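Enquirer: Sharing a sequence plus its predicted fold:
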Amino acid sequence: MSLELKMINENLWQLPQVGEMRVPARVYAKSNLIDLVKHDKSLQQLKNVATLPGIQNFALAMPDIHQGYGFPIGGVAAMDVNEGVISPGGVGYDINCGVRFIKTNLSRQDVEKNLDDLLTALYQTIPTGIGSQNAIGKLSETELKKVLVNGAEWAINKGFGKERDLAVIEENGRMNSAKVDKISSRALQRGASQLGTLGSGNHFVEIGFVDEIFSADISQKLNLKKDQLIIIIHTGSRGFGHQVCDDHLRKMLVQKIDFPLPDKQLIAVKIQSKSGEDYFAAMSSAANFAWANRQVIMSLVEQTFQKSLRISSEKLGFRLIYDVSHNIAKFEDHLIDGKRKELCVHRKGATRAFSAENFSGGTFHEIGQPVIIPGDMGTESYLCVGTKKAMSETFGSTCHGAGRMMSRRKALKSTDFDSVMNELRKKNIKVMAARKKTLIEEMSRAYKNVRDVVDTMHKSGISKKVVRTKPLAVLKG
DNA sequence: ATGTTC
């Protein structure tokens, strides 16, 4: 199958439209990354996506592409709202998994001696690991439903963060399309105790610093300086979103569909059908849960910093730069053959990267939408901005992270806990995790080189590098 | 990713 990949340019490859494919497929990848795509089923999955009704232009893959449930992770697909379908596999089990980037007024030198205490305090404050619960007590069903409708705003009304945060969250931290009557009682049960919890896998809270500045102009507009202390939070909708995905996948799987489906995991239904509308309403509720979750966690991290460092909120200067979703489907207008068209854009392990023109005022109207691309726990992360080219080539989308290249199982077999810890210690990175197993699974070697991934999108002109950060201390699930 | 096979 790899022979079918034709080079468009040194960062872009194309799979021709064959068989049931309705459009060709495209993969963004530097030459040293394209080989990694051929090791798993991700290219076949991308071809399968190209067969879905209503798909526009191309089935797209970002350089962090790897095998996922039905859809590849790192995939983007935009469907026509009238003829097209919506697929839970195109969103992922962790609905609105995403990242937020926070700046502080401190420099890395200010906390050098406090890092152990800070990390321990974070570990004690934020429930981590699979099954983690009760950061802020169990919510009543009535209260949880308010979370599902109001998203990040719910958290702010409860005192977690500030009103101004909403302006720097994708969708302002709330999708109006949420409907709580599309949520099962089991999902409600799971969600009630999980708000403000980190979860497991690649989720984390990272204390880091600005290591290199690529755009002096944009970093200045975002008030980011070299050596400045920053926080990155990566988590999603926890067991709640997982249950929502599971519930709606099951319902769709027993339905009759009128198009060829190459893989059951890719199950999709018409956007304009009852089950399509129900899924979107439930997905939106889970997205709102995830935004509330990141909002609560950010506030808990801020409180922990104040207490542990014994400094005022003013001196700490905690300020949300941006919050992005990288597992979501959204209705957006894009130009297709020069005509404005409403599409359902699936981004699974892909980040929205809108250009400056999409914002009517403020900083983002000058610089474009901030994009946060975390690497693995032992390397580095990037803050980028979206571009015009993203709007015309990728439905305003870019990559979301380094991308796995080794399965969790293989990672566990290949090394042990002490070796992983030693490597991190050599790099002077402090880590605390709920379980040793997760830390082994998350080792650097299990991931692609995030620098190559980000450079692919930068050189393609899709998302532009602003700053690189490096980790000092990481809380893992 | 996930009360990791309701």
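Expert: That came through fine.

Enquirer: alpha carbons only for contacts and neighbour counts from here, please
Expert: Will do.

Enquirer: and the strand or helix carrying A:Ile207, what does it pack onto?
Expert: Secondary-structure element containing A:Ile207, defined by DSSP states H and E: strand A:204-213. Using 3 or more C-alpha pairs under 8 Å, 6 or more residues apart in numbering; DSSP states H and E as the contact criterion, the neighbours of strand A:204-213 among helices and strands are strand A:228-235, strand A:463-476.

Enquirer: could you point out which element follows the first one?
Expert: To tie it back to what came earlier, the one meant is strand A:228-235. Past strand A:228-235, further along toward the C-terminus, the next helix or strand under DSSP H and E is helix A:238-253.

Enquirer: Which strands and helices lie in contact with that following helix?
Expert: In this structure, helix A:238-253 makes packing contacts with helix A:185-192, helix A:274-309, judged by 3+ C-alpha pairs under 8 Å, 6+ apart.

Enquirer: For the strand holding A:Ile207, list every residue counted as buried.
Expert: Within strand A:204-213, the residues that count as buried by 16 or more other C-alpha atoms under 10 Å are A:204-211, A:213.

Enquirer: returning to that earlier point: could you provide the helices and strands packed on strand A:204-213 in a markdown table, with additional columns for mean pLDDT, distance to A:Leu46 and mean neighbour count?
Expert: Formatted as a markdown table, the entries for those read as follows, by pLDDT from 0 to 100; distance: least, C-alpha to C-alpha, whole Å; neighbours: other C-alpha atoms under 10 Å:
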| stretch | mean pLDDT | distance to A:Leu46 | mean neighbour count |
| --- | --- | --- | --- |
| strand A:228-235 | 98 | 25 | 25 |
| strand A:463-476 | 97 | 22 | 24 |
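
Enquirer: In a markdown table, list those strands along with distance to A:Gln369.
Expert: Formatted as a markdown table, these follow (distance: least, C-alpha to C-alpha, whole Å):
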| stretch | distance to A:Gln369 |
| --- | --- |
| strand A:228-235 | 17 |
| strand A:463-476 | 9 |
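
Enquirer: Among these, which comes closest to DNA strand B?
Expert: Taking C-alpha to the nearest atom of the strand as the criterion, DNA strand B comes closest to strand A:228-235 out of the helices and strands packed on strand A:204-213, the separation being 7.3 Å.

Enquirer: The closest one pairs with which strands, parallel or anti?
Expert: With DSSP bridges as the criterion, the sheet partners recorded for strand A:228-235 are strand A:98-107 (antiparallel), strand A:204-213 (antiparallel).

Enquirer: could you give the angle of the last one to strand A:463-476?
Expert: When axes from the mean of the first three to the mean of the last three C-alpha atoms, to 10 degrees is applied, the directions of strand A:204-213 and strand A:463-476 differ by 140 degrees.

Enquirer: now the first one
Expert: When the same axes, to 10 degrees is applied, the directions of strand A:98-107 and strand A:463-476 differ by 80 degrees.

Enquirer: Give me the angle between strand A:98-107 and helix A:274-309.
Expert: Here strand A:98-107 runs at 20 degrees with respect to helix A:274-309, directions being taken by the same axes, to 10 degrees.

Enquirer: what are the ranges of the helices in the stretch 301-450 of chain A?
Expert: Secondary structure of the stretch 301-450 of chain A (DSSP state H, counting those that start in this stretch): helices located at A:313-316, A:362-367, A:388-393, A:408-414, A:417-426, A:436-441, A:450-459.

Enquirer: between the ones you listed, which gets nearest to A:Lys256?
Expert: Relative to A:Lys256, the nearest member of these by C-alpha to C-alpha is helix A:388-393, separated by 33.6 Å.

Enquirer: for the closest one, what is the average pLDDT?
Expert: Helix A:388-393 shows an average pLDDT of 98 in the prediction.

Enquirer: Can you list the buried residues in that helix?
Expert: Buried residues in helix A:388-393, counted by 16+ other C-alpha under 10 Å: A:388-391.

Enquirer: Restricting to C-alpha, output that helix in PDB.
Expert: As requested, the backbone C-alpha atoms of helix A:388-393 are provided in PDB (Å, rounded to 0.1, in the frame of the first residue of the first chain):
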ATOM      1  CA  LYS A 388      -4.700  31.400   6.000                       C
ATOM      2  CA  LYS A 389      -3.200  28.300   4.400                       C
ATOM      3  CA  ALA A 390      -4.800  26.100   7.100                       C
ATOM      4  CA  MET A 391      -8.200  27.600   6.100                       C
ATOM      5  CA  SER A 392      -7.700  26.700   2.400                       C
ATOM      6  CA  GLU A 393      -5.900  23.300   2.800                       C
END
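
Enquirer: quick one, what contacts the residue of chain A found nearest DNA strand B?
Expert: Across chain A, no residue is closer to DNA strand B than A:Gly201, which sits at 2.6 Å (C-alpha to the nearest atom of the strand). Each residue near A:Gly201 by C-alpha atoms under 8 Å, 6 or more residues apart in numbering is listed here: A:129, A:438, A:441-442, A:476-477.

Enquirer: Perfect, that will be all.
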